[in-house]
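Visitor: Build the 3D model from these lines:
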Amino acid sequence: MSPSWLDLRAESPFLVLDGAMGTELDRLGIPVAGHPLWSARALLEFPRAVQDIHLAYAQAGADILTTATYQASLSGLVAAGLSRSQATQGLESGVIVAARAIEIHRAAGGRQTPWIAAALGPYGAYLADRSEYTGMYDVDRAALYEFHAPQVEILARSDADILACESIPSLAEGEVLADLLAGIPEKPAWLSFTSQDGRHTSSGDPMRDCVQLCAAHSHIWVGVNCVQPHRVASLLQAGRVKEHGLRVAYPNGELHRVPAAERPLASLSVAQVISAWIEAGVRVVGGCCGTSPALTRTLVRCKESLAE
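Guide: The predicted structure follows:
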């Protein structure tokens, strides 16, 4: 049985989530950019490269490794020419490859054993037309449920410790995923939304509504990812609902990077930024697009300093 959130965060100021997969694949020269399956293509064709990237994040000190299954929906894999059985195996392989990296890490004397977060992307990731950043796709709730249910079912019965629903652009899609996750109380999960303005989801829903959506489910945390780092602070404020709030944050790029219009913030160190997030209730911190194991090492140092 997977550990509860209480077990996962015991005696730790926060948990360090790994960083980008696609960015690292690109650095290695693995062709995934522009492909409908994105990093899931590497999972199918270059699993050793995916394994090595997981291993690099584990060696950097990550507490949680995210599988390369963000764009590995059954619909997308079947559209790419796989049978449904092969597509199911392809989705499951994301957890297997991450687990293999952890085994190698432990065999080499690694100090920690990371948990595995099985990534599930939004419907727009399957469309591969950038609609994942707006949520403006012409499908109803029933279609979203039909799309997401198989991925949730397959990854819920896998050896993944956490289900990570990422880059959700709208409350409507979040509601579908929350309904599915509510039936799996033994598996810690998070719903991570995107935002363009620091107050609402990418489709315009108040962030507090997203937090309220999961308030009754202690095993489901709410977060933000694939957002500009300087938006996180305002999202933490916008998402506060009494004692409930955002618990997961993994923005793009450098965590202390700010636009010129907000130069007073430019003097903040990563440690100061993270400390403010933790004080506001965040318990999982990592990186999204444009990040690397270097950020993971920085976050580990921040965690260690806060634990002293």
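Visitor: all helices of the stretch 101-250 of the chain, in order?
Guide: Ranges of helices in the stretch 101-250 of the chain, per DSSP state H, counting those that start in this stretch, are 123-127, 141-156, 171-182, 207-213, 232-238.
Visitor: Could you tell me the least trusted of those helices?
Guide: Note on those: lowest mean pLDDT is at helix 123-127, with a mean of 89.
Visitor: elements contacting that helix?
Guide: Packing partners of helix 123-127 (3 or more C-beta pairs under 8 Å, 6 or more residues apart in numbering; DSSP states H and E): helix 74-79, helix 141-156. The C-beta positions use only the backbone N, C-alpha and C, and glycine is treated the same way.
Visitor: ok so, going back, could I get the helices of the stretch 101-250 of the chain as TSV with distance to residue 79?
Guide: Below are these laid out as TSV (distance: least, C-beta to C-beta, whole Å):
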stretch	distance to residue 79
helix 123-127	8
helix 141-156	12
helix 171-182	20
helix 207-213	29
helix 232-238	33
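Visitor: For residue 13, find the nearest of the ones you listed.
Guide: Among the helices of the stretch 101-250 of the chain, helix 232-238 comes nearest to residue 13, with 15.9 Å by C-beta to C-beta.
Visitor: and the helix or strand of the chain with the lowest mean pLDDT, how far out from the chain's middle?
Guide: Ranked by mean pLDDT, DSSP states H and E, the weakest helix or strand in the chain is helix 5-8, scoring a mean of 71. Centroid separation for helix 5-8 versus its chain: 17 Å, with C-alpha atoms, centre = their mean, to the nearest Å.
Visitor: buried ones in that helix?
Guide: Going by neighbour count (16 or more other C-beta atoms under 10 Å), the buried part of helix 5-8 is 5, 8.
Visitor: can the helices and strands packed on helix 123-127 go into TSV with extra columns for mean neighbour count and distance to residue 271?
Guide: As requested, the helices and strands packed on helix 123-127 are arranged in TSV below (neighbours: other C-beta atoms under 10 Å; distance: least, C-beta to C-beta, whole Å):
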stretch	mean neighbour count	distance to residue 271
helix 74-79	19	39
helix 141-156	18	34
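Visitor: Export the ones you listed as a markdown table, with columns for distance to residue 304.
Guide: As requested, these are exported to a markdown table (distance: least, C-beta to C-beta, whole Å):
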| stretch | distance to residue 304 |
| --- | --- |
| helix 74-79 | 39 |
| helix 141-156 | 31 |
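Visitor: Kind regards, and thank you for your time.
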